[in-house]
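Novice: Give me coordinates for this.
(one chain, ligands or ions: 2)
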Amino acid sequence: SLPNKATIIEVGPRDGLQNEGKIVSTESKLEFIEGLQRAGIQEMELTSFVSPKWVPQMADAKEILANVEKTGRQFVLTPNEKGISLALESGAKALAVFVGVSDSFNKKNINKSTSESMAALEPLILKLKEEGIFVRACISTAFYCPFEGAVDPEKTVALCRQFVDWGVDELSVADTIGMANPVESYELFHRLKTEFPDVLMTAHFHDTRKMALANIFASLQAGVDRFDASAGGLGGCPFAPGATGNAATEDIVNMLHRMGIDTGIDLDLLCEAVANIEPHVSNPVDTGMYRLYKNK
Ligand code: HMG
Ligand code: MG
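Specialist: Ligands and ions are numbered 1, 2, ... in the order given. As a prediction, the model looks like this:
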């Protein structure tokens with residue numbers, strides 16, 4: 001049976017903007033974040049501490065953190081020790097680390113093999129958990145890799161198990177290039193929910209092939225009630241060729257509400273936040289619910 005509540009983890013300010021070629025001002029990003037919080041978003045990835053040479057758009061992570069309202073669970077994404085210390089210095093209480101199941105993707109994204117990344121992360125995560133920091137582990141290429149093709153679900157489960165053994169609070173399992181179909185989504189998430197009943201389980205679908213909403217419905221049926229989403233459908237990973245944004249928050253929220261699943265989010269205020277960021281990004285926003293909002 002379906003849940004009567006679900007949680008949206010807004011990733012627009014991070015996943016949504018990291019791939020944007022036009023540098024968005026810190027002020028516009030802060031307005032976007034505030035608008036999303038006003039709409040009722042409780043959990044969000046605010047920014048990332050990554051190399052500004054690799055991802056110039058996120059170079060203002062420190063200023064973002066210094067100026068946001070830190071109500072709810074506000075994440076900062078980071079891959080390494082340097083990013084973790086910068087985030088903690090800036091007052092972050094919830095961190096998201098990331099690693100790819102596929103070696104070739106992880107090399108392109110973080111310049112390390114998957115096992116090198118995991119070896120470096122282990123002591124860092126153990127320490128964060130001792131310090132009481134909320135840790136979310138983002139698992140990229142959990143279904144398909146842009147370089148290696150289909151990923152063996154056993155490898156995804158094994159990687160998740162390592163994080164669970166280290167005590168992470170949440171797994172965010174990602175279809176990085178939007179290639180998974182609803183049957184695959186149901187099967188993987190059913191398996192993960194069964195193997196790891198005590199960790200928060202979140203699904204992160206990119207909408208490259210327009211299967212994200214169907215995948216979300218399939219994951220709901222598998223018992224998942226947490227979904228990463230990007231307002232306006234913005235984004236994609238700069239190191240995953242052809243990847244487009246996550247499923248749009250406004251379209252997911254609409255679908256969930258229509259099914260009687262509460263999110264605590266106000267759809268009009270959410271679209272208002274999208275309207276505020278739209279002039280600052282390269283492409284017009286073209287999601288179902290945003291189009292209806294504009295034509296009202
Ligand atoms: P590298 O070049 O191997 O590392 O990059 P390095 O240690 O030699 O560092 C290079 C420079 O960056 C140095 O500066 C470091 O100090 C600096 P320099 O001495 O040359 O002036 N640096 C940093 N600065 C700020 N914050 C940091 C940091 N670390 C190093 N944390 C590195 C390795 C990991 C740094 C690089 O590959 C990198 O930044 N990668 C990030 C890539 C990225 O952001 N990808 C997108 C996010 S993941 C994603 O989108 C997937 C997800 O949505 C799920 C899904 O959909 O699959 C989560
Ligand atoms: Mg992503």
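
Novice: So the closest residue to ligand 1 within the stretch 1-150 of the chain versus residue 77, what's the distance?
Specialist: Residue of the stretch 1-150 of the chain nearest ligand 1, by C-beta to the nearest ligand atom: residue 83 (2.7 Å). Every residue, glycine included, has its C-beta placed from N, CA and C. Residue 83 is 8 Å from residue 77, where distance means C-beta to C-beta, to the nearest Å.

Novice: And the two? Which one has more around it.
Specialist: Between residue 83 and residue 77, counted using other C-beta atoms under 10 Å, the more crowded position is residue 77 (24 against 21).

Novice: pLDDT at the more buried one, what is it?
Specialist: Predicted confidence (pLDDT) for residue 77: 98.

Novice: Please apply the same query to residue 70.
Specialist: 80.

Novice: still on that earlier bit, which residues are in contact with each of residue 83 and residue 77?
Specialist: Here residue 83 and residue 77 share the contacting residues 48-50, scored by C-beta atoms under 8 Å, 6 or more residues apart in numbering.

Novice: Please flag which of those sit within strands.
Specialist: Secondary structure defined by DSSP state E assigns residue 48 of the shared contacts of residue 83 and residue 77 to strands.

Novice: In TSV, list the shared contacts of residue 83 and residue 77 along with neighbour count.
Specialist: Converted to TSV, the shared contacts of residue 83 and residue 77 look like this (neighbours: other C-beta atoms under 10 Å):
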residue	neighbour count
48	24
49	27
50	23
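
Novice: can you narrow the shared contacts of residue 83 and residue 77 to ones near ligand 1?
Specialist: Near ligand 1, judged by C-beta under 6 Å from any ligand atom, the entries from the shared contacts of residue 83 and residue 77 are 48-50.

Novice: Same list, these, but as CSV with distance to residue 267 and pLDDT please.
Specialist: Formatted as CSV, these follow (distance: C-beta to C-beta, whole Å; pLDDT from 0 to 100):
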residue, distance to residue 267, pLDDT
48, 27, 98
49, 32, 98
50, 32, 98
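
Novice: can you put the residues you listed in TSV and add distance to residue 201?
Specialist: Formatted as TSV, these follow (distance: C-beta to C-beta, whole Å):
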residue	distance to residue 201
48	22
49	25
50	25
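
Novice: out of those residues, who's nearest residue 289?
Specialist: residue 48 (26.6 Å; C-beta to C-beta).

Novice: hey, what's the closest one bridged with?
Specialist: Per DSSP bridges, residues listed as beta-bridge partners of residue 48: residue 77.

Novice: Double-check it against residue 14; I have them as touching.
Specialist: Yes - using C-beta atoms under 8 Å, residue 48 makes contact with residue 14 at a distance of 5.4 Å.

Novice: Please enumerate the helices of the stretch 101-250 of the chain.
Specialist: Listed in chain order, the helices of the stretch 101-250 of the chain (DSSP state H, counting those that start in this stretch) span 103-110, 114-130, 153-165, 182-195, 212-221, 249-258.

Novice: For the stretch 151-296 of the chain, which residues are neighbours of ligand 1?
Specialist: Counting by C-beta under 6 Å from any ligand atom, the stretch 151-296 of the chain sits next to ligand 1 at 174, 176, 204, 206, 237, 239.

Novice: Now do the same contact list for the second one.
Specialist: Put plainly, it is residue 176. So residue 176 contacts 100, 105, 140-142, 144-146, 206, 237, 240, 243 (C-beta under 8 Å, 6+ apart).

Novice: re earlier: could you redo the helices of the stretch 101-250 of the chain as CSV and give each row mean pLDDT and mean neighbour count?
Specialist: Formatted as CSV, the helices of the stretch 101-250 of the chain follow (pLDDT from 0 to 100; neighbours: other C-beta atoms under 10 Å):
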stretch, mean pLDDT, mean neighbour count
helix 103-110, 98, 20
helix 114-130, 98, 16
helix 153-165, 98, 17
helix 182-195, 98, 18
helix 212-221, 98, 22
helix 249-258, 98, 22
